[in-house]
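Engineer: all I have is the shape, not the residue letters:
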């Protein structure tokens, strides 16, 4: 089966036609600027603390691009934390507008390290601003929507919070063709669906159920079953379907890896390989995503690198 439907055309429309990246100056972000070096170091700390998979995958990039994708991650993490952790609506709205302004102006105060690194990355790599704005709007969607009726609707959410990250990453690692866009979108949906399948229990306890209601009904699963954490035969069948579709998206997205500049292929391939390994762990533990958080161990990541290397070399 091909893992696409109406949602794919809709998401391509959201992405729009993007310009090929402009030629960048050949100088390093740390050259003679201690404040920027400090800002990028803070982005590295945030990445290492919050996402081991992203930290390892980005470590496969050359130093300047590695620092830039970690600045991108720190921006995404900071915006996500506003939605999840800031208590009062007026404060959330103020902080989200603060980040929208940073994106639109590509400037920041020197004392906001994450903003300084991100503003520099935006400018240096000519990243289209509308992707960053779409990400902010996508993350903010969690404030107003906690249920999804169809997979098409869920895919739009995945685009906002994940595919946009891939599209921005393309400008950092470099890409050769506009055709890479549709594959970056698919990979983003696959990555976010992996997060959603892994975090069903945690998300439900936080008041959110991302799984499409149409598909839950199709497999005879009630919301009460999820509240009780029931790993029934119906649940297993439902999860097998979800995992199969997500794996198909990972498989289809690989065609886009060869459209990236050579030095970025291994890093993006690693992100895909590491995250898809989480699906293996979900299966290994009988689809119990209610009382444990699936993950890929450090050895699990390291053991996949030789095969990943061979796969990338064959592109």
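Structural biologist: That came in fine, so what should we check first? All values derive from a computational prediction rather than experimental measurement.

Engineer: shaky segments in the protein?
Structural biologist: 1-5, 19-32 (pLDDT under 70).

Engineer: report the central residue of the protein.
Structural biologist: Central residue of the chain (Cα atoms, centre = their mean): residue 162, 3.5 Å from the mean position.

Engineer: any idea how far that one is from residue 259?
Structural biologist: 19 Å (Cβ to Cβ, to the nearest Å). (C-beta placed from N, C-alpha, C; glycine too.)

Engineer: kindly report the same for residue 117.
Structural biologist: For residue 117 relative to residue 259 (Cβ to Cβ), the value is 27 Å.

Engineer: which one of these two has more residues nearby?
Structural biologist: residue 117 (29 against 19; other Cβ atoms under 10 Å).

Engineer: residue contacts, the residue nearest to the centre of the chain?
Structural biologist: Contacts here follow Cβ atoms under 8 Å, 6 or more residues apart in numbering; on that basis residue 162 touches 188, 189, 191, 192, 195.

Engineer: by neighbours, which of those residues wins?
Structural biologist: Ranked by neighbours (other Cβ under 10 Å), the contacts of residue 162 are led by residue 189, which has 30 neighbours.

Engineer: one step back: quick one: which of the contacts of residue 162 sit in helices?
Structural biologist: 188, 189, 191, 192, 195 (DSSP state H).

Engineer: any chance of these in a markdown table, with distance to residue 232 too?
Structural biologist: Output for those, formatted as a markdown table (distance: Cβ to Cβ, whole Å):
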| residue | distance to residue 232 |
| --- | --- |
| 188 | 31 |
| 189 | 27 |
| 191 | 27 |
| 192 | 25 |
| 195 | 23 |
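
Engineer: return the member of the residues you listed nearest to residue 308.
Structural biologist: The closest of the ones in helices among the contacts of residue 162 to residue 308 turns out to be residue 191 (Cβ to Cβ; 15.9 Å).

Engineer: test my guess that the closest one contacts residue 275.
Structural biologist: Yes - with contact defined as Cβ atoms under 8 Å, residue 191 reaches residue 275; the gap is 5.3 Å.

Engineer: shared neighbours, those two?
Structural biologist: Counting by Cβ under 8 Å, 6+ apart, no residue touches both residue 191 and residue 275.

Engineer: re the thing from before, okay, the residue nearest to the centre of the chain and residue 226: tell me how far apart.
Structural biologist: For residue 162, the distance to residue 226 - Cβ to Cβ - is 22 Å.

Engineer: likewise for residue 274?
Structural biologist: When residue 274 is compared with residue 226 (using Cβ to Cβ), they lie 27 Å apart.

Engineer: more neighbours, those two?
Structural biologist: residue 274 (24 against 19).

Engineer: chain center to stretch 173-190: distance?
Structural biologist: A distance of 12 Å separates the centroid of the chain from that of stretch 173-190, by Cα atoms, centre = their mean, to the nearest Å.

Engineer: going by neighbour count, list what's buried in that stretch.
Structural biologist: By 16 or more other Cβ atoms under 10 Å, the buried positions in stretch 173-190 come out as 173-175, 180-190.

Engineer: which ones among those are found in helices?
Structural biologist: Per DSSP H, these map to helices at 173, 180, 181, 182, 183, 184, 185, 186, 187, 188, 189, 190.

Engineer: which of the residues you listed sits closest to residue 305?
Structural biologist: The closest of those to residue 305 turns out to be residue 173 (Cβ to Cβ; 17.7 Å).

Engineer: so the closest residue to the closest one other than its chain neighbours, which of the three states?
Structural biologist: Leaving aside its sequence neighbours, residue 173 sits nearest to residue 264 (Cβ to Cβ, 6 or more residues apart in numbering; 2.7 Å). Here residue 264 is recorded as helix under DSSP: H, G, I helix; E, B strand; the rest coil.
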